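Q: show me how the following folds:
(one chain, ligands or ions: 1)
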Amino acid sequence: MDAAIQIDGVTKRFRNTLALDRVSFTVPRQEIFGLLGPNGAGKTTLMRILIGIFAPDEGCVNVYGDRSIRLKERIGYLPEDRGLYQKMKVYDLLHYCAAIKGVPRIEIDSRIEEGIKRIELTGELNQKIQELSKGNQQRIQLLIALLHKPDILVLDEPFTSLDPIGVDRMKQILNEEVERGATVIISTHRMEDAEQLCKSLTLIHRGRVIRHGTLNSIQQEEGQDRLIVEYQGDSKSIQSIPGVAIEDNQDHRLRLRLNGDASIPDVIRELSTRLDVYNIVKAAPTLHDIFVRLVGNQEDPS
Ligand code: ADP
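A: Numbering: from 1, shown residues only. Below you'll find the predicted structure:
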């Protein structure tokens, strides 16, 4: 089987809330996979099912083709809410987590030393967790997820609280983990990060999968080209061009969405009769565009 994880018809209810509704998709091996969706979409619930905190009400999760897998040993998890023992010292916490994840006792110290260098945390081993900045607590959470060299990393909003240097370092580490052979699943609200990091993605909304596939295939499926237009004049004059919607308009720079019927040459001709156009380029829809279009309106996007 080529997939690292197969999610098959997973449904999860909390009292009256249907958090996941027959969710099915596969996560390919050895790549960074993005789980995207607005707040409340069901991402955390799905991740908790993946790591075995929750059982699905219906459906199943199949990891590396093995339904009876001892998940804990193969998965490293970074939870969204910082669940660290605040009063423990950094070294004690790392030692404890490594031991319960089955790292051989003789290797624990060297793994901690190596890991601390890797996440670029210096001189903090004797401090209590509560004394660390939020960003450094997030680095520690990543290290805990990595210590036992898991096959699968499940990272819930991993970039939370990190400064730009921390974000870049974490991205490098995730790419290194893929090179090591791991499969990495991240949830994020940051569309630019998902675009940069993830080869495949699933977009969930109200507990249902609304898009799944490679970034390219999702962009193609969107099927709506964008034009970036630099202009002078009154942009109101273009509102009546058929098949064209203004997505953004700032500093004499328009971002237009063309629906499937609009022909690009016709639109360019129309634009030039109404505005002084200095530059036009065609662009693929960004994940941000796709996300906003699918999730931003209240219609059922399926
Ligand atoms: P996301 O991670 O995409 O923000 P969640 O998986 O946290 O979404 O939540 C999905 C839905 O399930 C939300 O409506 C949320 O309120 C509900 N939910 C999640 N966990 C629980 C829980 N433990 N008890 C009750 N409702 C929950």
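Q: and residue 281, how many neighbours?
A: Neighbour count of residue 281, defined by other C-beta atoms under 10 Å: 9. In short, each C-beta sits where N, CA and C put it, glycine included.
Q: surely it and residue 226 touch.
A: No. The pair residue 281 / residue 226 is not scored as a contact, 9.1 Å apart, by C-beta atoms under 8 Å.
Q: residue ranges of the helices in the stretch 201-302 of the chain, please?
A: Secondary structure of the stretch 201-302 of the chain (DSSP state H, counting those that start in this stretch): helices at 215-222, 264-274, 287-296.
Q: of those helices, which is nearest residue 183?
A: Smallest distance to residue 183 across these (C-beta to C-beta): 16.7 Å, for helix 215-222.
Q: which residues touch the nearest residue to residue 3 once chain neighbours are set aside?
A: Residue nearest to residue 3 in three dimensions, not counting chain neighbours: residue 26, with 3.9 Å by C-beta to C-beta, 6 or more residues apart in numbering. For residue 26, the contact set (C-beta atoms under 8 Å, 6 or more residues apart in numbering) comprises 3, 5-7.
Q: look up how far residue 195 lies from the residue nearest to residue 228 when sequence neighbours are not counted.
A: Closest residue to residue 228 apart from its sequence neighbours, by C-beta to C-beta, 6+ apart: residue 281 at 5.0 Å. According to C-beta to C-beta, to the nearest Å, residue 281 and residue 195 sit 18 Å apart.
Q: return the residues in contact with the closest residue to residue 202 other than its chain neighbours.
A: Spatially, and ignoring its direct neighbours in sequence, residue 202 is nearest to residue 212 (4.6 Å; C-beta to C-beta, 6+ apart). Going by C-beta under 8 Å, 6+ apart, residue 212 touches 25, 200-203, 218.
Q: which regions of the stretch 101-250 of the chain lie under the pLDDT threshold?
A: 123 (pLDDT under 70).
Q: strands of the stretch 151-300 of the chain, residue ranges please.
A: Taking DSSP state E, counting those that start in this stretch to define them, one finds strands in the stretch 151-300 of the chain at 152-156, 183-187, 200-205, 208-214, 226-232, 244-250, 253-258, 276-283.
Q: how about a markdown table for those strands, with distance to residue 270 added?
A: Formatted as a markdown table, the strands of the stretch 151-300 of the chain follow (distance: least, C-beta to C-beta, whole Å):
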| stretch | distance to residue 270 |
| --- | --- |
| strand 152-156 | 46 |
| strand 183-187 | 41 |
| strand 200-205 | 32 |
| strand 208-214 | 31 |
| strand 226-232 | 11 |
| strand 244-250 | 8 |
| strand 253-258 | 11 |
| strand 276-283 | 10 |
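Q: coming back round to it: the helix or strand hosting the residue nearest to residue 3 close to the ligand?
A: Assigned by DSSP states H and E, residue 26 belongs to strand 17-28. Yes. Residues of strand 17-28 contacting the ligand under C-beta under 6 Å from any ligand atom: 17, 19.
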